[in-house]
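1. fold the stuff below for me.
(chains A, B, C and D)
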Number of protein chains: 2
Amino acid sequence: MKKGKATIHDIAEKLNITASTVSRALNDNPRISENTKKQVIKMAKQLNYQPNHIASALRSGKSKLIGVLVPTANRNFFSSVVRGIEEIANELDYKVIISQSYEDFEKEVQTVDALLNARVDGIIASIGKNTDSFDHFKKVLDKGIPLILFDRITNELDVSQVVIDDYLGAYEVTKHLIDQGCKRIVHFTSPKKINIYRERLRGYEDALRDAQIPLDSDLIEESNMQLEDGRTSMENILRKGVSFDAVFSSSDYAVMGAMQVLREHKISVPDQVKLAGFGNEPFTSFTAPPITTVDQKSIPMGRVTAETFFELLKSENKKKATHKTVLKPELIIRESSLNKS
Amino acid sequence: MKKGKATIHDIAEKLNITASTVSRALNDNPRISENTKKQVIKMAKQLNYQPNHIASALRSGKSKLIGVLVPTANRNFFSSVVRGIEEIANELDYKVIISQSYEDFEKEVQTVDALLNARVDGIIASIGKNTDSFDHFKKVLDKGIPLILFDRITNELDVSQVVIDDYLGAYEVTKHLIDQGCKRIVHFTSPKKINIYRERLRGYEDALRDAQIPLDSDLIEESNMQLEDGRTSMENILRKGVSFDAVFSSSDYAVMGAMQVLREHKISVPDQVKLAGFGNEPFTSFTAPPITTVDQKSIPMGRVTAETFFELLKSENKKKATHKTVLKPELIIRESSLNKS
DNA sequence: TGTATTAAGGCAATCGATTGCATATATAAA
DNA sequence: TTTATATATGCAATCGATTGCCTTAATACA
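-> Sure, this is the predicted structure:
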């Protein structure tokens, strides 16, 4: 009793049938009669039977585990996506192993390896900023393990992916700033060649172009996009003495840094300089003034990602067609970018 | 080759020895000669052998997985602790399954069950706010699975635990406010009977008492401590018209809400009202003004928790003595609680 | 020289569930 | 009645690694 041991053999014995039958009954195999199934299920309950997933995994080769790899769980966006994935996975009786690469390439490679070793049935990943080689992911594909990417993706891998339309988000937020009368818009971006920053930069540029505002490379600041980097970038701009009337940062953290520096320099937001970020991190809503940003639709992204993933998992070796889903971001306009009315 | 299949049998075959020997060699068993070990290791590398943890787990009963259960990974404190745990676990060749209860009791119960089903070798948990029954954890203990708690703990379970000195943190921050001249200090706390809020309340009360300042229940606001709740609490206080010159909130989020409301009411922080929170969430450092708070020493807590856990894991059924580690918190004084000098 | 130890491996069972193939009734078609 | 066809279940191998016990050979001790 206490031992929490009951196996299918125990059930079989009590019922005077074999373990095979029990196994099939439990898995709702059509070859077993309804009556037997009922008895088995009843006895299982009675003995407080808990299936041993390990044994099942060994034999069937399916661990019912899926690995989710994110740069960091400590970001609203990622943790929300993870939550969406978890919800769907749990419904389907899959367990999720969350692991973090901490934006570190080495760690990312190791982690993928670790997931493989843990025999996950598939991997859902968002790649790190510093990742520029994809052999670790190719290894996953070579092993025939389902892989899909979300948000931070790459074209070097032939896999399905789910992203938001970063280009559109950036275009809209830039256009919004222009509509507010801004003409000299600073842009914070990353030197890393990952898709999201590239697309946002493109959106920024096109919005300017469409408004006939000349691009000025002096207004582009590259950095790692953390809060401190945002501070540095802002200081650089001030030091250079270029004129500007807005900042659109590809990261909420960096724009927060910029806001601090502006405040220290007694430059008023939004009166003198308008600000906009990207990501809709919760803190953007409770700064003074609240910061305009772009919501990345983390919840839908989590769900869509999970759905796409499980479709792939079901189809197994069948369908090969990879698929890219693009979700629409949402512009969240707040005080930091608005003219006083 | 491509199949990524190599097992210990393959290695054995190539070397003309048995799988037992290979297994022992790989596990550095003293019964195997150094020479054989070398050969085995070399061949393993050559065949690109990857141990099948599932098989190993089934036979040995050790999955090398540990479950970490937190209310939410989306909080700096928890994600930092998790990171500390991960680091140590990985060093010891354990994999960590992070799971979240989302402060939901049902979900917490299910999740513990899921971890058990995944055959984790042990569980490290921080309990949800709404948890008031602990049968799910007792089940873990009954199964003889190592369990330890951190931060959000309970005395109803005889397990080792790691916490910070919430009492001391609250005492110090309250004393700090008193030292700044405050005499009417509002306190935000939770109606939930979990240890952290109880202790913080106690620290607050004792600090007042020691300074001969009368306690006033009108100054205590109970809520769920999210940002919105902080807003509501602050508005309640203002509506009640009680006089106050400071707010000490047991949560950074709630104090943020309070700050917003004060701003909306044109009440100046820190001139008219001083503010302090608890938790040292990153955003407290970049609000205007930055908010005084108490750092919970998440990194050390993660490491200590992991160390305590693995000691327990090693000692197995031996040592039973549970142990409570109390870390010192750190008062982080920022502008929100300081008089202009 | 004979017996006790130690060292180095081998053998085979085992962990618990799954599954291809075989078997035994029962029902249906001829 | 006989032969095909389901239907329901049993048998036994299997997944890959681990481990208790046994065997052999070599070294040590009397």
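
2. quick check: domain ranges of chain A?
-> A:8-51, A:61-163+A:298-327, A:166-296+A:332-337 (automatic domain parsing).

3. quick one, which of those is nearest to DNA strand C?
-> Among the domains of chain A, domain A:8-51 comes nearest to DNA strand C, with 2.9 Å by Cβ to the nearest atom of the strand. Placement of C-beta: from N, CA and C, glycine included.

4. okay, helices next: where are they in chain A?
-> Counting by DSSP state H, the segments of chain A that form helices are A:8-15, A:19-26, A:34-46, A:53-60, A:76-91, A:105-117, A:135-142, A:166-179, A:195-210, A:227-240, A:252-264, A:298-315.

5. ok, back up a step: dump the domains of chain A to CSV, plus mean neighbour count and distance to DNA strand C.
-> Below are the domains of chain A laid out as CSV (neighbours: other Cβ atoms under 10 Å in any protein chain shown; distance: least, Cβ to the nearest atom of the strand, whole Å):
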stretch, mean neighbour count, distance to DNA strand C
domain A:8-51, 15, 3
domain A:61-163+A:298-327, 19, 8
domain A:166-296+A:332-337, 20, 38
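
6. of all the ones you listed, which one is nearest B:D104?
-> Distances from B:D104 to each of the domains of chain A were compared using Cβ to Cβ; the minimum, 11.8 Å, belongs to domain A:61-163+A:298-327.

7. any part of the closest one near chain B?
-> Yes - using Cβ under 8 Å from any Cβ of the partner chain, we find that domain A:61-163+A:298-327 touches chain B at A:63, A:65, A:72-76, A:79-80, A:82-83, A:86, A:90, A:95-100, A:102, A:114, A:116-119, A:142-143.

8. ok, back up a step: export the helices of chain A to JSON lines and tack on mean pLDDT?
-> Below are these laid out as JSON lines (pLDDT from 0 to 100):
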{"stretch": "helix A:8-15", "mean pLDDT": "94"}
{"stretch": "helix A:19-26", "mean pLDDT": "95"}
{"stretch": "helix A:34-46", "mean pLDDT": "94"}
{"stretch": "helix A:53-60", "mean pLDDT": "94"}
{"stretch": "helix A:76-91", "mean pLDDT": "92"}
{"stretch": "helix A:105-117", "mean pLDDT": "92"}
{"stretch": "helix A:135-142", "mean pLDDT": "94"}
{"stretch": "helix A:166-179", "mean pLDDT": "98"}
{"stretch": "helix A:195-210", "mean pLDDT": "97"}
{"stretch": "helix A:227-240", "mean pLDDT": "97"}
{"stretch": "helix A:252-264", "mean pLDDT": "95"}
{"stretch": "helix A:298-315", "mean pLDDT": "93"}
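
9. so which of these is nearest A:L331?
-> Ranking the helices of chain A by their distance to A:L331 (criterion: Cβ to Cβ) puts helix A:166-179 first, at 4.8 Å.

10. between helix A:195-210 and that closest one, find me the angle.
-> Compare the direction of helix A:166-179 with that of helix A:195-210 by axes from the mean of the first three to the mean of the last three Cα atoms, to 10 degrees and you get 40 degrees.

11. other residues contacting helix A:166-179?
-> With contacts defined as Cβ atoms under 8 Å, 6 or more residues apart in numbering or on different chains, helix A:166-179 is touched by A:185, A:195-196, A:199-204, A:206-208, A:210-211, A:213, A:246, A:248, A:250, A:274, A:276, A:278, A:292-294, A:296, A:328-329, A:331, A:333, A:337.

12. again, only this time at 6 Å
-> Contacts of helix A:166-179 with the rest of the structure, by Cβ atoms under 6 Å, 6 or more residues apart in numbering or on different chains, involve A:185, A:196, A:199-200, A:202-204, A:206-207, A:211, A:246, A:248, A:274, A:276, A:294, A:329, A:331.

13. of those residues, list those near DNA strand D.
-> On the criterion Cβ under 7 Å from any atom of the strand, none of the entries of the contacts of helix A:166-179 sits beside DNA strand D.

14. now the helices of chain A as a markdown table including distance to B:K5?
-> Supplementary listing: those in a markdown table, determined by distance: least, Cβ to Cβ, whole Å:
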| stretch | distance to B:K5 |
| --- | --- |
| helix A:8-15 | 28 |
| helix A:19-26 | 25 |
| helix A:34-46 | 34 |
| helix A:53-60 | 14 |
| helix A:76-91 | 27 |
| helix A:105-117 | 13 |
| helix A:135-142 | 13 |
| helix A:166-179 | 41 |
| helix A:195-210 | 35 |
| helix A:227-240 | 46 |
| helix A:252-264 | 45 |
| helix A:298-315 | 21 |
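
15. near chain B, anything from stretch A:330-340?
-> No - with Cβ under 6 Å from any Cβ of the partner chain as the criterion, chain B is not reached by stretch A:330-340; the gap is at least 12.0 Å.

16. let me see the contact set for the residue of the stretch 151-300 of chain A found nearest chain B.
-> Here the residue of the stretch 151-300 of chain A nearest chain B is A:F283; by Cβ to the nearest Cβ that distance is 4.2 Å. Under the criterion of Cβ under 6 Å, 6+ apart, the contact list for A:F283 reads B:F283.
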